[in-house]
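Trainee: got a sequence here, can you model it:
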Amino acid sequence: MTVYSHPNRLKAILAGGETAVGFSCALGSAQIAEEFAMAGFDFIYIDQQHGLTSQETLIEMLRAVARSETTPLVRVAANDPALIGTALDAGAEGVIVPMINNADEARRAAQACRYHPRGIRSWGPIRARYGLGPDPQTVNQEVLCLVMIETREGLMNLEEILDTPGVDGVYIGPADLGVSLGGQPHSFEQSSDPLQIEAIDRIRQACAKRGRIVGLSGDPEHLAAQGFNMITAALDFAMIRKAISEVRRPATVAAGR
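Mentor: So this is what the prediction gives:
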């Protein structure tokens, strides 16, 4: 039986010092995932924490991405080995794990991504064999584990989280971080909250010092210039809402209502 294994392209891009740009899929649409992937961007992340993606639609979205060069990631709903393993078995090549507060939680996430002896992931790669492949050692090397720093506690324990073996980097959650610090759930680029801005910059600097990935949503050119190396350019629902807001009804139609 032919096995279509390949290195994690996103991981190679980031290891080479390049900036990776991608999109977020929250609406649970395989068509949207395919459009993003075939556009040639570096990654998409499918959101199962705040998005509308069920397990059934997740598999169809991963199938839609599989024929492209785009790396599929999944933001799982929680730091749960079962959820992480399920996403990876379905064909994701990495996960984004939310609400990581300390080194123990970071270790659980990293180990859930990897097989023995580096982790606790259970063997069952029904679809994953067509992505990173069926060899445990290869998968352990290529899979991406990104943890989210988005709480005051996580920020306090930042260094020990980053030093946890198997953690490849951080994907920052600015909205939750802003709320946790006593502010508002603004994006980084919209924020004027000095505590939130300082916290995000601290995370960026700590990642750079350790050679870790640091991801954030926003304008790729602006964020790349500030040192972020994994950038989510847009979210599917936000793109749709923006397009809708830019469509103006003719004044005669509006007046007749």
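
Trainee: quick one, what contacts residue 9?
Mentor: Contact analysis of residue 9 by C-beta atoms under 8 Å, 6 or more residues apart in numbering lists 42, 69, 71. For every residue, glycine as well, the C-beta is placed using N, CA and C.

Trainee: not counting sequence-adjacent ones, nearest residue to residue 13?
Mentor: Distances taken as C-beta to C-beta, 6 or more residues apart in numbering place residue 20 nearest to residue 13, at 5.0 Å, with adjacent residues excluded.

Trainee: quick one: the one you found and residue 228 touch, right?
Mentor: No. Taking contacts as C-beta atoms under 8 Å, residue 20 lies outside contact range of residue 228: 10.0 Å.

Trainee: buried only: go through the contacts of residue 9 for me.
Mentor: The neighbour-count test (16 or more other C-beta atoms under 10 Å) applied to these identifies 42, 71 as buried.

Trainee: take the contacts of residue 9 and write them to TSV, including distance to residue 9, secondary structure and pLDDT.
Mentor: Shown next, in TSV, are the contacts of residue 9 (distance: C-beta to C-beta, whole Å; DSSP: H, G, I helix; E, B strand; the rest coil; pLDDT from 0 to 100):
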residue	distance to residue 9	secondary structure	pLDDT
42	7	coil	97
69	6	coil	94
71	5	strand	97
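
Trainee: can you count the residues close to residue 237?
Mentor: A count of nearby residues for residue 237, using other C-beta atoms under 10 Å, gives 16.

Trainee: is it correct that residue 227 is in contact with residue 204?
Mentor: Yes. Under the criterion of C-beta under 8 Å, residue 227 makes contact with residue 204 at 5.5 Å.

Trainee: tally of neighbours for residue 51?
Mentor: If we define neighbours as other C-beta under 10 Å, then residue 51 has 22 of them.

Trainee: doesn't it lie inside a helix?
Mentor: No. When DSSP: H, G, I helix; E, B strand; the rest coil is applied, residue 51 is found to be coil, with no helix at that position.

Trainee: against residue 165, how distant is the closest residue to it other than its chain neighbours?
Mentor: Distances taken as C-beta to C-beta, 6+ apart put residue 26 closest to residue 51, at 3.4 Å, once the chain neighbours are dropped. When distances are taken as C-beta to C-beta, to the nearest Å, residue 26 and residue 165 turn out to be 31 Å apart.
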